[in-house]
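S.K.: sequence first, then the predicted structure:
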Amino acid sequence: MRVGVLTGGGDCPGLNAVIRAVTKSLIHHGHCEVLGIEDGFEGLMLPVPRVRALGWDEVSGILHTGGTILGTSNSANPLRGDATVAQVRHNARELGLDMLVVIGGDGTMSLAYGLHQRIGLPCVGVPKTIDNDIANCDRSFGFDTAVATATEGLRRIESTAYSHHRVMIVETMGRHAGWLALESGIAAGADIILLPEIDFDVEIVAARCRQREQRQRYSIICIGEGAKESGTRQTMRERVAHSPEPLRLGGVANVLRERLAPHLQSEVRATVLGHLQRGGDPTAFDRVLATRFGHRAAQLVIEGATGRMVTLQRGEISSVPMSAVANVQRTVPLDHDLVTTARDIGICFGDQ
Ligand code: F6P
């Protein structure tokens, strides 16, 4: 059997650990050849597909490395137009692909599901995202690493905050879901956490900072990039997109700084953690989770259980139909115990 493997969407710590586990498990099983598809679906869409054979040697020594040895792309759409679909179908046939293991976020899963349906290329999915926002998956690999990195960033910022008596705003990733801002904010002891799921009021955020100006004399605000100010139609991200260039460069954190500074005596500074959060070596937890996901994906391939995505639910590795994942986002429920815990220990979400 010939099995293709590709990584789609943004890079994420643990991708190489999955590629390694899928490849080694399939080789170990026997009668399997593994073909790495380069740069996500793009490698399958070109007139001359970009692929390379993956053997034991090719995937050795990559367990602990960040990024993806196969390259990735978050704009390649194999379903864009009939000509592209025909090219992908032709390439899959020419390459003799019996099955495709697709490692990606919800966008990539939707495309894989579409491919499965449109050209009958059997796919198995592996969930990847530092945002932890894939439906029916309690924890995707990469998230633990991103939380650790963002937490460290927040902690380092605190040195300046208390030394200079400033309000420091730190922006984390998380376009649609606030898991990363929430967990890193709690782990770093942030005073205020602003999430896409809870609209915030600048007056309330300012009041909390003013309270702290009197006693602690500094505040740390952790804002997820998808956050939204109450009473406005646009998210902070959309406001950034429509801002003049100097403001835009500072991201969502800077837009919040502009809104907050007039209400405060302290100096307010903004930091965007950006792609730092996606880079670097995966944590031990993510290496183990990615290895388990890769191994289970190989098992699904061997069993012929296609159209399914590997997942982690209540601590167990299992699988769900891709249709239950495609185009659905897992956001933070307002009554999640992390939210109530944070509220009960005095963290402000800017809504009350
Ligand atoms: O992987 C998702 C994500 O981390 C989002 O939170 C963020 O908006 C996006 O990636 C940014 O990706 P890029 O800058 O590579 O387009």
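M.R.: On my side now, so go ahead. Numbering: from 1, shown residues only.
S.K.: next SSE after the longest helix anywhere in the chain?
M.R.: Scanning the chain for the longest helix, with DSSP state H as the assignment, gives helix 143-164. Going down the chain from helix 143-164, the next helix or strand is strand 167-172, by DSSP states H and E.
S.K.: does that following strand reach the ligand?
M.R.: No - counting by Cβ under 6 Å from any ligand atom, the ligand has no neighbours in strand 167-172; the shortest distance is 8.3 Å. Where C-beta positions appear, they are placed from N, C-alpha and C, glycine not excepted.
S.K.: elements contacting that strand?
M.R.: Where contact means 3 or more Cβ pairs under 8 Å, 6 or more residues apart in numbering; DSSP states H and E, strand 167-172 is packed against helix 143-164, helix 179-188, strand 219-224, helix 251-260, strand 268-272.
S.K.: for whatever residue of the stretch 101-250 of the chain ends up closest to the ligand, which non-adjacent residue is spatially closest?
M.R.: Closest to the ligand within the stretch 101-250 of the chain is Met173: 3.5 Å, counting by Cβ to the nearest ligand atom. In space, and not counting its chain neighbours, Met173 is closest to Gln277: 5.3 Å by Cβ to Cβ, 6 or more residues apart in numbering.
S.K.: what's the burial count for the one you found?
M.R.: Here the number of neighbours of Gln277 (other Cβ atoms under 10 Å) works out to 25.
S.K.: how far away is it from Glu33?
M.R.: 35 Å (Cβ to Cβ, to the nearest Å).
S.K.: Gly14 versus Leu289, what's the distance?
M.R.: From Leu289 to Gly14 the distance is 7 Å (Cβ to Cβ).
S.K.: how far is stretch 243-253 from where the chain is centred?
M.R.: 22 Å (Cα atoms, centre = their mean, to the nearest Å).
S.K.: and for stretch 113-125?
M.R.: 23 Å.
S.K.: residues touching that stretch, excluding its own?
M.R.: 78-79, 85, 88-89, 92, 97-104, 108-109, 112, 297, 300-301, 304-310, 322-323, 325-326 (Cβ atoms under 8 Å, 6 or more residues apart in numbering).
S.K.: try it again with 6 Å
M.R.: The contact list for stretch 113-125, computed with Cβ atoms under 6 Å, 6 or more residues apart in numbering, reads 78-79, 85, 89, 92, 99-102, 109, 112, 297, 300-301, 306-307, 309, 322, 326.
S.K.: quick one: average pLDDT of it?
M.R.: Stretch 113-125 carries an average pLDDT of 93.
S.K.: in it, what counts as buried?
M.R.: 113-116, 119, 121-125 (16 or more other Cβ atoms under 10 Å).
S.K.: do the same with stretch 323-333
M.R.: For stretch 323-333, the neighbour count (16+ other Cβ under 10 Å) marks 323, 325-326, 329-332 as buried.
S.K.: leaving out sequence neighbours, find the closest residue to Cys123.
M.R.: Counting by Cβ to Cβ, 6+ apart, Cys123 lies nearest to Ala112, which is 4.3 Å off, once chain neighbours are set aside.
S.K.: so what's the residue count around the one you found?
M.R.: 29.
S.K.: so which helix or strand takes in it?
M.R.: Per DSSP H and E, the secondary structure element for Ala112 is helix 106-118.
S.K.: tell me the angle of whichever helix or strand comes after that helix relative to helix 106-118?
M.R.: Going down the chain from helix 106-118, the next helix or strand is strand 123-127, by DSSP H and E. On the basis of axes from the mean of the first three to the mean of the last three Cα atoms, to 10 degrees, strand 123-127 is oriented at 170 degrees to helix 106-118.
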